[in-house]
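S.K.: build me a structure from this.
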Amino acid sequence: MKHKYSISGMTCNGCVASVADNLMQVSGVETVDVNLETSSAEITMNRHVDLAELKATLPSKYTISNEEYIPSTSVEAEVQSKWVQLRPLFLIFAYLFGTAFLLHWKDWDSNEAMLDFMGLFYIVFSFFKFLDLKGFPESFAMYDPLAKALPFYGWIYPFLELVLGLMFLMRFEVQTALILTIIVLGVTTIGVTRTLLDKKSIRCACLGTALKLPMTEATFIENAIMLIMAFWMLFV
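M.R.: Down below sits the predicted model:
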């Protein structure tokens, strides 16, 4: 069953992440979709959760009220909605692959093309994170184990991506950049995998908080592509 609630007290995407994370801790709650613009939250639950129970899990600065039942939608509609939400991610990947190919098509070199792809990947993805640098760390900590254990890591992560992107594009200490890629994206992929296995519905912070992307298998695949490229260039 799905219910919609009004949420007051949210002022930024960090608040959105905090509300969603707290509501996900309530027993019986399966998915949470918080909308800052409408100050609302749609909660899917496998049992009816009392409003008082939801209020108890939120920090005092937030107020939840006005329960409204939402009839279930078809599986086809949900899948279509997910694809619509993920469209920006697929477009970005298409542009990155296309650019890396066009840079080397006359004198093809797979390793050089992969280095340019990885560099562009980091530069573009860090750009979206910088659009809301304040809200990104809290959203990222919802699934990244290291960001959850060490909050400051979420703050430096966009800068780390930017530096790695420049290292790949400038061919500076490439081996170091590849090792860091395996470590950084390896940790994130562990968190993404856990989230998918637990079937939690949270937003992916891969493109920051400016774009509302759901955590799906696509997030795992994008990390896997980068990890495969890094392993290939290091060990093959």
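S.K.: mean confidence for stretch 193-203?
M.R.: Here stretch 193-203 scores 78 as its mean pLDDT.
S.K.: now do the end-to-end distance for it.
M.R.: End-to-end span of stretch 193-203 (Cα to Cα, to the nearest Å): 14 Å.
S.K.: the residue positioned nearest the centre of the chain and Thr219, how far apart?
M.R.: By Cα atoms, centre = their mean, the chain has its centre lying nearest to Cys204, at 1.9 Å. Here Cys204 is placed at a distance of 5 Å from Thr219 (Cβ to Cβ, to the nearest Å). For the C-beta atoms, the positions are set from N, CA and C on the backbone; glycine is no exception.
S.K.: shared neighbours of the two, anything?
M.R.: Taking Cβ atoms under 8 Å, 6 or more residues apart in numbering as the contact rule, the neighbours common to Cys204 and Thr219 are Leu213.
S.K.: in a strand, Tyr5, correct?
M.R.: Yes - under DSSP: H, G, I helix; E, B strand; the rest coil, Tyr5 sits within a strand.
S.K.: for it, give me its contacts.
M.R.: Ser40, Ala41, Ile43, Leu51, Leu54, Ile64, Ser65, Asn66, Glu67, Glu68 are the contacts of Tyr5 under Cβ under 8 Å, 6+ apart.
S.K.: wait, which of these is closest to Leu162?
M.R.: Ala41 (32.7 Å; Cβ to Cβ).
S.K.: verify the assumption that that closest one is located in a strand.
M.R.: Yes - judged by three-state DSSP, Ala41 forms part of a strand.
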